[in-house]
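**Student:** The sequence isn't on hand, but the structure is:
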């Protein structure tokens, strides 16, 4: 049996609705925590625009997302890239819309609130975004303990 070269290495794809908040945060945290044993990307069911409040919240953690752009799952599939692990980070209904990703060996779902839906003052939206950010960071750390070589080991 010939093993596809792309699948020798763990390849993780985080998916949410617009690739403008949750999936971008998860990608950034996993890239920070995992050494070179993983290739990590994110995509949305459709491409969007980076959420400025997410950029601000991530900057507080020392991660700069200001130059990141959004891509769609369709763009990822069309590029021919394959992923061993797909993690949806949207609500349950949106996760059901995620298409089959070629090469996928496992699929997980982390139901998370969407920062783009937060209302209130900027400070109130930032505080709620921080809560989602911190939840994502904890989930990434837990996932990494099981699946990756981390920078702390």
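**Tutor:** Okay, I see it. Predicted model, so just to flag it, every value in this text is computed and none were measured.
**Student:** How far off centre is stretch 69-80?
**Tutor:** From the chain centre to the centre of stretch 69-80 is a distance of 13 Å (C-alpha atoms, centre = their mean, to the nearest Å).
**Student:** what does stretch 64-73 give?
**Tutor:** 11 Å.
**Student:** Please point out which parts of it sit buried.
**Tutor:** Within stretch 64-73, the residues that count as buried by 16 or more other C-beta atoms under 10 Å are 65, 68, 70-73. Just so you know, the C-beta spots here come from the backbone N, C-alpha and C atoms, and that holds for glycine as well.
**Student:** okay, those in CSV with distance to residue 103 and pLDDT next?
**Tutor:** Shown next, in CSV, are the buried residues of stretch 64-73 (distance: C-beta to C-beta, whole Å; pLDDT from 0 to 100):
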residue, distance to residue 103, pLDDT
65, 26, 97
68, 24, 94
70, 22, 94
71, 17, 94
72, 18, 94
73, 14, 90
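**Student:** Among those, which one sits closest to residue 33?
**Tutor:** residue 65 (15.9 Å; C-beta to C-beta).
**Student:** And stretch 83-103, end to end?
**Tutor:** Start to finish, the residues bounding stretch 83-103 are 6 Å apart (C-alpha to C-alpha, to the nearest Å).
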